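[1] Let's see this in three dimensions:
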Amino acid sequence: MRGRFRTARPRARGVHLAGWLFADMLLVLALVAMGDQGDPVAAERAVAAPTATPSASATAGPSATPTPTGPRGVEHDPVTVDVSGDASDTAGLTAQIRTATERYAGRQAAVVLTFGSNRDPGVGQAYAHTVNGLLAQARPEMFQGTTTRDFISLADNPRHASLEIYFYTG
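    Next up is the predicted model:
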């Protein structure tokens, strides 16, 4: 009689955890693969940079500074630019962006956060979106491949946008 009411022994206690373990391992592998890709612009810059050759002179002169290899960094402090005007005046807004970013010519922006001012959140965000759409027209070399985000500022200053531009280092 003793064997008749025995409970079934769990044969595979950890089998139900195998799916979770597989999913976690797949996530780790995906993150490692994404982190291994590097920055293609930095790779182009490293290939194009001339390499220093050792000289055979007897005097010790200043050595060439090594060219950094690897991914570029992003500066911690943004450059703030303000533009104002009607959203339909795209030529005027483009000219303001071009003038305000003139002193940063030759640099490439990594991220631009644009805050459109208006008490109505939808209108402020739409204005920020319009301004972000004009960045590539104003300075294509500076804003090519730049990540932009549209935000609102609830300040009572309609038809105004404040841009926070984060440039790549170097």
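
[2] what's around Val112, how many residues?
    If you count neighbours by other Cβ atoms under 10 Å, Val112 ends up with 24. Placement of C-beta: from N, CA and C, glycine included.

[3] now Leu29
    Leu29: 10 neighbours (other Cβ under 10 Å).

[4] Strands of the chain, residue ranges please.
    79-84, 109-117, 147-153, 160-167 (DSSP state E).

[5] beta partners for Thr148?
    Applying DSSP bridges to Thr148 gives these bridge partners: Val112.

[6] give me every residue that touches it.
    In this structure, Thr148 makes contact with Val111, Val112, Leu113, Thr114, Asn132, Leu135, judged by Cβ atoms under 8 Å, 6 or more residues apart in numbering.

[7] right, and the fourth one touches Ala126 too?
    No. With contacts counted by Cβ atoms under 8 Å, Thr114 stays clear of Ala126, the gap being 11.2 Å.

[8] Among these two, which residue is more densely surrounded?
    Neighbour count, other Cβ under 10 Å: between Thr114 and Ala126, Thr114 has more, with 26 against 16.

[9] Now the more buried one: closest residue in space, sequence neighbours ignored.
    Spatially, and ignoring its direct neighbours in sequence, Thr114 is nearest to Ala128 (4.1 Å; Cβ to Cβ, 6 or more residues apart in numbering).

[10] number of nearby residues for Asn118?
    Other residues within reach of Asn118, judged by other Cβ under 10 Å, total 22.

[11] Please tell me how far it sits from Tyr166.
    For Asn118, the distance to Tyr166 equals 24 Å [Cβ to Cβ, to the nearest Å].

[12] so which of the contacts of Thr148 comes closest to Val79?
    Nearest to Val79 among the contacts of Thr148, counting by Cβ to Cβ, is Val112 at 9.7 Å.

[13] Spit out the contact partners of Ala126.
    Ala87, Gly116, Asp150.

[14] confidence score at the closest residue to the first one other than its chain neighbours?
    Put plainly, it is Ala87. Nearest non-adjacent residue to Ala87, counting by Cβ to Cβ, 6+ apart: Thr130, 4.8 Å away. Note on Thr130: pLDDT of 96.
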